[in-house]
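>>> I'd like to go over a predicted model; first the sequence, then the structure.
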Amino acid sequence: MSERHFRTCNLCEAICGVEIEHENGRVISIRGDKDDPFSRGHICPKALALKEIYESPNRLRKPLKRIGKEFHEIGWEEAIGETAERLRDVRNRFGRDAVGVFQGNPSVHNFGTMLSSGALLKALKTKNNFSATSVDQLPHHFAAWSMFGHPLLIPIPDIDRTGFMLVFGANPIASNGSLMTAPDIVNRLESIRKRGGKIVLIDPRRNESTRIADEHHFIRPGSDVYVLLAIVHTLFADNLIKPDRLADFTDGIETVRNSMARFTPERAESGSGIAAGTIRRIAREFAASGKAVCYGRMGVSVQKFGGLCQWAINIINILTGNFDRAGGAMFTRPALDLLQTAKRGENIFGRWRSRVRGLPEFMSELPVAAMAEEIDTEGDGKIRALVTSCGNPVLSTPNGSRLEKALAKLDFMVSIDIFVNETSRHASIILPPATGLETSHYDAVFSLLAVRNVAKYSPPLFGKSPDSRFDWEIIQELAHRVGGSEEPFKAVPPEAKLDFGLKFGPYKLSLDELIKNPHGIDLGPLEPCLPVRLLNDSIRIQLSPEPMIKDLERALNDDPDPSELVLIGRRNLRDNNSWLHASEVLMKGKNRCTLLINPADAERHGLEDGRTARVRSRTGTVEITCEITDDIAPGVVSIPHGYGHKRIGFETDAINPGVSINDLTDDLVIDGLTGNAAFSGVPVSVSAV
Ligand SMILES: Nc1nc2c(c(=O)[nH]1)N[C@H]1C(S)=C(S)[C@@H](COP(=O)(O)OP(=O)(O)OC[C@H]3O[C@@H](n4cnc5c(=O)[nH]c(N)nc54)[C@H](O)[C@@H]3O)O[C@H]1N2
Ligand SMILES: Nc1nc2c(c(=O)[nH]1)N[C@H]1C(S)=C(S)[C@@H](COP(=O)(O)OP(=O)(O)OC[C@H]3O[C@@H](n4cnc5c(=O)[nH]c(N)nc54)[C@H](O)[C@@H]3O)O[C@H]1N2
Ligand code: SF4
Ligand SMILES: [Mo]
């Protein structure tokens, strides 16, 4: 007899409920859980990969040690013991900063890792701490911290009640939503229009989400800052400032007004290609809507002015009163509230700088664009040993080929990963955790970023093999051993922290209560919570933080060159960053790793649809099949990220290896304010092969 198991899919931010039919330790089917109050039965094709990850013969189940070019299986005691010893040895000889750390994306989708990795960082005490944050949402954190007092106070678009959604650089139909956990997003967005509302997209590509939008406008990559600030300019010029009750606790409105003088719609038009009249009209419609929200995601985060863009987006929402009210941008109140113990008014910016380029730390992390140079530049304080967890920075960080060469020179590297990938293949030791259906799940991170307050706990479906360990067991034991504790080691399951956090959280829930509700608990829509939820000393919104005002000069002095051909990325519904490219179900269909190019550009450069193009940038060259389409703006080409599984001397079992966009992106071009990678708008040249 088959049985049913309900859990949360943890592959992306949408946290969909799944119903898994299984028998004798095998998955029979995976469907959407209709009784999950949040996802209402919705899933995407990627959910099927949960079965493949569980069954994959290539998933690592025993630690590996590299001897020469070959990996050999070893026991856990030897693997963890040797790792701790080597890390301690490097630290004793070269100091704490000689050990670097990189944590990748799945670490935030894995609550055991989430709640344990702090212990390892504490034991290592290195300044060379990196993560996927600085190739992703760092500007959101920076704006949140400087305006509201905490990097996790990220405003979430209240899409279920909004009447006007202005979207910059996001493709929720492909990505299922980001920093806006909203399962069943297609229906949620379509409902905006069904209610008589409107969606406007600003994107260099007429992407999949254009299908559900009323308007789409092409924009020159990297020029969003001018358009966003021109909207703010128009709000002032046209007397559309209506912060309502927010005015009682907002500082800096006049400073913003004075700083906007030079950011006119006319100036924005010349850099962005969007007509000044269109910018004014959008600003006026936004202000008139009464229930509007401006939202910008990857496209406006990973560019040279990512920090200013996220700041400007918050300003637009605040000055029109669309902030902390239904239908605008709002804060969540999750059952496990990571902000409950947050320190008020903490300075988390620039307390130290990177050794080579002098880039400032933020949230105790350095920009990952500096990781390769910290390994390959000689001198005191250079990284000699590296810990990676849940990541593949060779494919996911700018100038991955430089990092790849640097990794080969490390004295020691350990990767906590379930596969040998383009990064972990350089490890001296790979520690593979039990994962996926073998783990329990509570979404500590994405319930903080969700469009409703929800809580759900999923127990493991299958027991892990006795000879395997969870991420949190590995991480905690490494922390214990590296820290040199004399006490006997005992791992603490994340459930202990969860139960405690739930009981002392805003809804006084408990783990038992969640176990009784396997489909999850809906705790209601987002609610106004300002000013009390602010975490700065002033308990007031800071509209004009000094770093932003200063950074405006950089924007004024940087004029985009419209004659350059520039590169952007993209995501596909069936891709999942750099992994799952060996999945039979997800890799069906035509080649998705292509160069999108506009017909006019293709003709100018002698490129033909389906033929190979050579794409060059300062950092590298790739050869890739052309896909000619007028869905991409003239002067722009696009390559998806996460591919490039064929490296010199190494190939994975990816069904389509593709090429890596990050062999073209530049580690030296970053957002000068936040240090985030600037993937959007890399100058390239193309030619036929
Ligand atoms: N040019 C360009 N580059 C980009 C992006 C872009 O848009 N353009 N996007 C960026 C963004 S937003 C992100 S988030 C990053 C993602 O890039 P990374 O953070 O490097 O992460 P992934 O590519 O998702 O690689 C995840 C690895 O974690 C492993 N893994 C999966 N589950 C587990 C688990 O439970 N435990 C452990 N220990 N390991 C696990 C997988 O096997 C895989 O090797 O890429 C960034 N890079
Ligand atoms: N299927 C699938 N879903 C995913 C992922 C995945 O790999 N696959 N990854 C997950 C992760 S880690 C993340 S962070 C989220 C990201 O979620 P999203 O941000 O929604 O996803 P992207 O597809 O990266 O959307 C970025 C959009 O920005 C546009 N863009 C590029 N440059 C610019 C620019 O300069 N200006 C403007 N205005 N637009 C620009 C691109 O054309 C693209 O349409 O998706 C998550 N969901
Ligand atoms: S949308 Fe995301 S969470 Fe939902 S099924 Fe797909 S991958 Fe899983
Ligand atoms: Mo991401």
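Noted; the coordinates are in hand. Residues are numbered from 1 along each chain as shown. Ligands and ions are numbered 1, 2, ... in the order given.

>>> ramachandran coordinates for the closest residue to Ile383 other than its chain neighbours?
Closest residue to Ile383 apart from its sequence neighbours, by CB to CB, 6 or more residues apart in numbering: Gly100 at 4.0 Å. For glycine as for every other residue, the C-beta is placed from the backbone atoms N, C-alpha and C. Here is the backbone geometry of Gly100 (degrees, to the nearest 10): phi -100, psi 160.

>>> Gly100 and Ala408: what is the separation?
15 Å (CB to CB, to the nearest Å).

>>> kindly report the same for Val200.
Distance from Val200 to Ala408, by CB to CB: 47 Å.

>>> the more surrounded of these two?
Val200 (20 against 12; other CB atoms under 10 Å).

>>> for the closest residue to that one other than its chain neighbours, give me its contacts.
Among residues not flanking Val200 along the chain, Glu215 sits closest, at 4.5 Å (CB to CB, 6+ apart). Contacts for Glu215 (CB atoms under 8 Å, 6 or more residues apart in numbering) come out as 198-201.

>>> most neighbours among those, please name it.
Of the contacts of Glu215, Leu201 is surrounded by the most neighbours, 25 neighbours in total, counting by other CB under 10 Å.

>>> SS state for that residue?
strand (DSSP: H, G, I helix; E, B strand; the rest coil).

>>> one more: Val90?
Going by three-state DSSP: Val90 is helix.

>>> can you show me the helices along the stretch 201-350 of the chain?
224-237, 253-259, 265-272, 276-289, 298-301, 306-319 (DSSP state H, counting those that start in this stretch).

>>> returning to what we had before: how close does the residue nearest to Ile383 get to Glu346?
24 Å.

>>> about what we covered before: nearest to ligand 2, of the helices of the stretch 201-350 of the chain?
helix 298-301 (2.3 Å; CB to the nearest ligand atom).

>>> got a list of what Asp559 touches?
Asp559 neighbours (CB under 8 Å, 6+ apart): Gly271.

>>> give me phi/psi at it?
Dihedral angles phi and psi of Asp559 (degrees, to the nearest 10) take the values phi -100, psi 120.

>>> how close does it get to Thr665?
Going from Asp559 to Thr665 by CB to CB gives 21 Å.

>>> again with Ala370
14 Å.

>>> so the two - more neighbours on which side?
Taking neighbours as other CB under 10 Å, Ala370 and Thr665 compare with Thr665 leading, 29 against 25.

>>> secondary structure element holding the residue nearest to the more buried one when sequence neighbours are not counted?
Spatial nearest neighbour of Thr665, excluding adjacent residues (CB to CB, 6+ apart): Pro398 at 4.0 Å. Per DSSP states H and E, Pro398 falls between elements, in no helix or strand.

>>> quick one: contacts for Pro398?
By CB under 8 Å, 6+ apart, the neighbours of Pro398 are 135, 369, 619, 662, 665-667, 669-670, 677-679.

>>> what is the most widely separated pair among these?
Val135 and Thr619 (14.9 Å; CB to CB).

>>> near ligand 1, which residues of the stretch 101-250 of the chain are found?
The stretch 101-250 of the chain comes close to ligand 1 at residues 104-106, 110, 132, 135-136, as judged by CB under 6 Å from any ligand atom.

>>> lowest-confidence entry in the residues you listed?
Lowest pLDDT of these: Asn110, 95.

>>> right, and it touches Thr439 too?
Yes. In terms of CB atoms under 8 Å, Asn110 counts as a neighbour of Thr439; the distance is 7.1 Å.

>>> so between the two, which is more surrounded?
A count of neighbours by other CB under 10 Å puts Asn110 above the other of Asn110 and Thr439, at 27 against 24.

>>> does ligand 1 sit close to stretch 654-674?
Yes. With CB under 6 Å from any ligand atom as the measure, stretch 654-674 is seen reaching ligand 1 through 661-662, 665.

>>> can you get me the start-to-end distance on that stretch?
Stretch 654-674 has an end-to-end distance of 34 Å (criterion: CA to CA, to the nearest Å).

>>> contacting residues around the residue of the stretch 351-500 of the chain found nearest ligand 3?
Nearest residue of the stretch 351-500 of the chain to ligand 3 (CB to the nearest ligand atom) works out as Phe446 at 8.9 Å. Phe446 makes contact with 13, 15, 108-109, 181, according to CB under 8 Å, 6+ apart.

>>> circling back to that earlier point, farthest pair within the residues of the stretch 101-250 of the chain next to ligand 1?
Farthest pair in these, by CB to CB: Asn110 and Val135, 18.6 Å.

>>> ok, the spatially closest residue to Cys309 that is not a sequence neighbour - contacts?
Leaving aside its sequence neighbours, Cys309 sits nearest to Val300 (CB to CB, 6+ apart; 4.1 Å). Residues in contact with Val300 (CB under 8 Å, 6+ apart) are 139, 168-169, 224, 228, 306, 309-310, 313.

>>> now these in CSV, with distance to Thr126?
Listed next are those as CSV, based on distance: CB to CB, whole Å:
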residue, distance to Thr126
Pro139, 24
Phe168, 35
Gly169, 33
Asp224, 34
Leu228, 36
Gly306, 25
Cys309, 30
Gln310, 28
Ile313, 33
